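**Student:** next comes the sequence, and after it the predicted model I'd like to discuss.
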Amino acid sequence: MKSSVRRAVLGLVLVPVLTIATALPADAGPAAPRTVVQDQPSWTSSASVQADTPDAVVENLSVVLNLRDAAGAEALATAVSDPAGPQYRKYISSAQWRARFAPTDQTVAQVTGWLTSQGFSIGSIPANHRFIPFAGTAAQVRAAFATTLKDFTKDGQQTSAPTTPLSVPTAIAGGIAAIGGVDASATKSPLHLTGAEDVVQGANSKRADSPTAVAPQGITPQDVLPPPAPVFRNSGPCSAFFGQKPAPTVPQILKNPLTYAPCGYKPAQLRGAYGTDLTLKAGYDGRGTTVAVVDAYASPTILADTQKYALRNDPQHPFRNYQFKQSLPTNFTFVDECDAAGWYGEETLDVQAVHAMSPAANILYVGASSCQDLDLTAAVNTVVDNELAQVITNSYGSVGEPASVADVEETHQTLLQAAAQGISVMFSSGDSGDEVANTGIRQVDYSASDPFVTAVGGTSLAVGAANAYQFEQGWGTGKSVLTNGAWAPRPPAFLYGGGGGTSKLFRQPAYQKGIVPGSISNFFHTGPHRAVPDVAMVGDPNTGFLIGQSQTFPDGVVRYSEYRIGGTSLSSPLFAGVIAVADQVAGGSLGFLNPKLYQLAGSPAFRDIASQGVTDGVVRVDFANAFDASNGLVTSLRTFNQTGTLRTRKGYDDVTGIGTPNIAGLLGVASGSGTATPGAGPTAPVQGQPQR
């Protein structure tokens, strides 16, 4: 998903949306001194150049502004998140943040004045002045920023970017952190895996070619969103719980006997495995908290789907109308380039996973107008600057580091403000393991690698009969297909797995010192750096979660259907649901979590997922065409804990972080008193690794 999603229709007439000021600084004329504010992306030196970007192409860009006191903002965000410090949980409001750290009105006026003088139109600027959106032609961008713009082929996709640095008049350069959008490859992808990604895709003549487009509930967007994607269905046989159905007729090449994959865990199974049912019995179900789910676009059937899903699979915990709200843009853009319908499953997974773990929490869905980095970060900024939620979960990411300079600057500033205001922010750690198979080099994904993010990795989870926790291993899937009575390849080849490793962008944060082994933090031998992930929950789609979503069936009709899904897109919203309950237990937001979480490393609050080797796996049977048996079936072996250069080990590891939450232990310290609630909270014996 690397296409040039910032482009608009050629020759579009630009109409200013909002202009704060048109005055140009006195020393910012045509011959004024200039200062470089951003280098060209490093990837352009080796990518294949196609041509100059046509002059008439419209560019939708953004100026990311510097914080007024970046060091002070970092210090405050750190202080209110430090459990050992006197300022712990003494958060400030968004109004107080703006007063202390936001770029001044004068800075905004100077920058917008210069942009307007260059012929750009100005978009809507957020109250915290995080960024200034603007639009103009490629010719205007070249002239204004004294740069070049080229079209490239990158990773097999068409995109564009500058090939020389960007500069602005020195008089305004001090207020500018970066220019967003000029690197059109800077997009993010959802991190869910349905299983359709890796089955053999046969021709399905029954699929409708052009089903009717639909609009999201409650809005009339200028760009009408597409209908739901073609249906994906799980074949059988599958197990109602882990290990229920043996698979004795396939070759047994692992230590433990093979069984058919779970059909998809239901909410009660995950609550039972992680211990949340104990808190429900004591009345702790997330009520009074709001979890914001941020993705791109908006599923037109999300509320109805989630209500039907809860009624069918978790009837004791219905999803009520008042629990759900949406914050959506007035129009969506680049729906084809970003595969808008592909984001519907992501949104559905996120909302239903949060509700599974905290069934009384309110959920706010915030849809970005596109999959571009800056649009998604702007959606997160909307939640933070308007104080709309206590917890935010984000199930998308860039491929590796570095992301665009502007994305890192804007995202990090938003995360600092979130921490200062007491908002917990989770990001999925990624679904391509160490990224070596995907990109050829070991790297972590952004935004999960930011030190003010709680990065959530993935595990393979075994839930037994009566919803009992059996075991977890690191999520790293190897795949072999049953071919002529044998598994090929043998041993199974790496397919996907939870993201992790060591950042090259960020130095080691204080909360990881003494917890993360030096072999991980100093993996690149450049001094200790940020390690990913921080925690983990189930992510393996082969031990995944059942969701319900309206999909487009082969006859062109949109119908509700259910299927198994996974990815760290599952892990992050599950953990967000856990934290919603923890906030309720604590009597208020726990804010930026990592300093507290690492304080609990090795305690009963977390299960340590230590190495067990590749001893377990499941057998999956899939429809070759992802819908029915008309094109045949594919039988495959999916192994666990096959994690490449990452590996699970005792203590912190770069697959599962400090481990997976043991809810009874975790909530026992959330109130700060050592019990789950003051005087009368749920308690339970600590569950360790079972003997099998």
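**Tutor:** Good, I have the coordinates.

**Student:** max-length strand in the chain?
**Tutor:** strand 486-497 (DSSP state E).

**Student:** list of residues touching that strand?
**Tutor:** Strand 486-497 is contacted from outside by 193, 198, 250-251, 253, 431-433, 437, 458, 474-481, 614, 617, 637-639, 642-644, 646, 655, using CB atoms under 8 Å, 6 or more residues apart in numbering. Yep, even glycine has a C-beta here, placed from its N, CA and C like the rest.

**Student:** would you list the buried entries among the residues you listed?
**Tutor:** For these, a neighbour count by 16 or more other CB atoms under 10 Å gives the buried set as 193, 198, 250, 253, 431-433, 458, 474-481, 614, 617, 637-639, 642-644, 646, 655.

**Student:** now the longest strand of the chain: buried residues?
**Tutor:** Trp487, Pro492, Phe494, Leu495, Tyr496, Gly497.

**Student:** and the residue lying closest to Lys255 once chain neighbours are set aside, what is it in contact with?
**Tutor:** Among residues not flanking Lys255 along the chain, Thr615 sits closest, at 4.3 Å (CB to CB, 6 or more residues apart in numbering). Residues near Thr615 by CB under 8 Å, 6+ apart: Leu254, Lys255, Asn256, Phe640, Asn641.

**Student:** can you list which of those are found in strands?
**Tutor:** Using DSSP E, none of these sit in strands.

**Student:** most neighbours among the residues you listed, which one?
**Tutor:** Neighbour counts for these peak at Phe640, which has 30 neighbours (criterion: other CB atoms under 10 Å).

**Student:** report all helices and strands that the helix or strand encompassing Thr502 contacts.
**Tutor:** In the assignment (DSSP states H and E), Thr502 maps to strand 501-507. Contacts defined by 3 or more CB pairs under 8 Å, 6 or more residues apart in numbering; DSSP states H and E place strand 501-507 against helix 518-521, strand 529-532.

**Student:** winner for burial among these?
**Tutor:** Comparing the helices and strands packed on strand 501-507 by mean neighbour count (mean count of other CB atoms under 10 Å), strand 529-532 ranks first with a mean of 27.

**Student:** may I see the buried residues of stretch 317-325?
**Tutor:** Residues of stretch 317-325 classed as buried: His317, Phe319, Gln323, Phe324, Lys325 (neighbour count, 16+ other CB under 10 Å).

**Student:** what's the span of that stretch from first residue to last?
**Tutor:** Stretch 317-325 has its terminal residues 18 Å apart, counting by CA to CA, to the nearest Å.

**Student:** got the contact list for it?
**Tutor:** Contacts of stretch 317-325 (CB under 8 Å, 6+ apart): 267, 285, 302-303, 306-307, 309-311, 351, 355, 359-365.

**Student:** so which of those belong to helices?
**Tutor:** The members of the contacts of stretch 317-325 that map onto helices under DSSP state H are Pro267, Ile302, Leu303, Thr306, Gln307, Tyr309, Ala310, Leu311, Val351, His355.

**Student:** give me the subset of the contacts of strand 486-497 that lies in strands.
**Tutor:** For the contacts of strand 486-497, secondary structure assignment (DSSP E) places Gly458, Gly474, Gly476, Thr477, Gly478, Lys479, Ser480, Val481, Gly617, Leu637, Arg638, Thr639 in strands.

**Student:** tell me the helices and strands packed up against the helix or strand hosting Ala171.
**Tutor:** Assigned by DSSP H and E, Ala171 belongs to helix 170-173. Applying 3+ CB pairs under 8 Å, 6+ apart, one finds that helix 170-173 contacts strand 34-38, helix 105-117.

**Student:** most tightly surrounded among those?
**Tutor:** The most buried one of the helices and strands packed on helix 170-173 (mean count of other CB under 10 Å) is helix 105-117, showing a mean of 20.

**Student:** who does that helix touch, helix- and strand-wise?
**Tutor:** For helix 105-117, the elements it packs on are strand 58-65, strand 121-122, strand 131-137, helix 170-173, judged by 3+ CB pairs under 8 Å, 6+ apart.

**Student:** any chance of a markdown table for those, columns distance to Ser48?
**Tutor:** Shown next, in a markdown table, are those (distance: least, CB to CB, whole Å):
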| stretch | distance to Ser48 |
| --- | --- |
| strand 58-65 | 21 |
| strand 121-122 | 32 |
| strand 131-137 | 24 |
| helix 170-173 | 32 |
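
**Student:** just so I know, which of the ones you listed lies nearest Leu633?
**Tutor:** Leu633 lies closest to strand 58-65 among the helices and strands packed on helix 105-117, at 45.5 Å (CB to CB).

**Student:** now the angle from the closest one to helix 105-117?
**Tutor:** Between strand 58-65 and helix 105-117, the angle comes out at 160 degrees (axes from the mean of the first three to the mean of the last three CA atoms, to 10 degrees).

**Student:** list the contacts of strand 58-65.
**Tutor:** Contacts for strand 58-65 (CB under 8 Å, 6+ apart): 6-10, 12, 14, 103, 107-108, 111, 115, 129-138, 140-141, 149, 175-182, 333, 374, 406, 409-410, 413.

**Student:** so how do I select the buried members of those in ChimeraX?
**Tutor:** Applying 16+ other CB under 10 Å to the contacts of strand 58-65, the buried members can be selected in ChimeraX as follows:
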select :6,7,14,103,107,108,111,115,129,130,131,132,133,134,135,136,137,138,140,141,149,175,176,177,178,179,180,181,182,333,374,406,409,410,413
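
**Student:** re the thing from before, adding mean pLDDT as columns, could you present the helices and strands packed on strand 501-507 in a markdown table?
**Tutor:** Converted to a markdown table, the helices and strands packed on strand 501-507 look like this (pLDDT from 0 to 100):
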| stretch | mean pLDDT |
| --- | --- |
| helix 518-521 | 98 |
| strand 529-532 | 98 |
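
**Student:** now the ones you listed as TSV including distance to Ala629?
**Tutor:** Shown next, in TSV, are the helices and strands packed on strand 501-507 (distance: least, CB to CB, whole Å):
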stretch	distance to Ala629
helix 518-521	46
strand 529-532	41
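
**Student:** and the ones you listed: which comes nearest Phe145?
**Tutor:** Across the helices and strands packed on strand 501-507, Phe145 has its closest neighbour in strand 529-532 (31.2 Å, CB to CB).

**Student:** which strand residues bridge the closest residue to Leu303 other than its chain neighbours?
**Tutor:** The spatially closest residue to Leu303, leaving aside those adjacent along the chain, is Phe324, at 5.5 Å (CB to CB, 6+ apart). Beta bridges link Phe324 to Ile363, judged by DSSP bridges.

**Student:** from Thr648, how far out is Phe324?
**Tutor:** 37 Å (CB to CB, to the nearest Å).

**Student:** coming back round to it: pick the one among the buried residues of strand 486-497 closest to Leu633.
**Tutor:** For the buried residues of strand 486-497, the closest approach to Leu633 (CB to CB) belongs to Trp487, at 15.6 Å.

**Student:** can you tell me how far the closest one is from Asn256?
**Tutor:** Trp487 is 15 Å from Asn256, by CB to CB.

**Student:** for Pro86, the count of nearby residues, please.
**Tutor:** Neighbourhood size, Pro86 [other CB under 10 Å]: 7.

**Student:** so it sits in a strand?
**Tutor:** No. Secondary structure of Pro86 (DSSP: H, G, I helix; E, B strand; the rest coil): coil, not part of a strand.

**Student:** quick check, pLDDT for it.
**Tutor:** We have a pLDDT of 97 for Pro86.

**Student:** can you check Gly688 too?
**Tutor:** Gly688 carries a pLDDT score of 30 in this model.

**Student:** the residue nearest to Arg271 when sequence neighbours are not counted: neighbour count?
**Tutor:** Nearest residue to Arg271 in three dimensions, chain neighbours excluded: Asp277, at 4.6 Å (CB to CB, 6+ apart). Applying other CB under 10 Å, we find 18 residues neighbouring Asp277.

**Student:** again, but for Arg89
**Tutor:** Counted with other CB under 10 Å, Arg89 comes out at 17.

**Student:** where does it land in three-state SS?
**Tutor:** Secondary structure for Arg89, judged by three-state DSSP, is coil.

**Student:** quick check: phi and psi at Leu149.
**Tutor:** phi -130, psi 130 (degrees, to the nearest 10).
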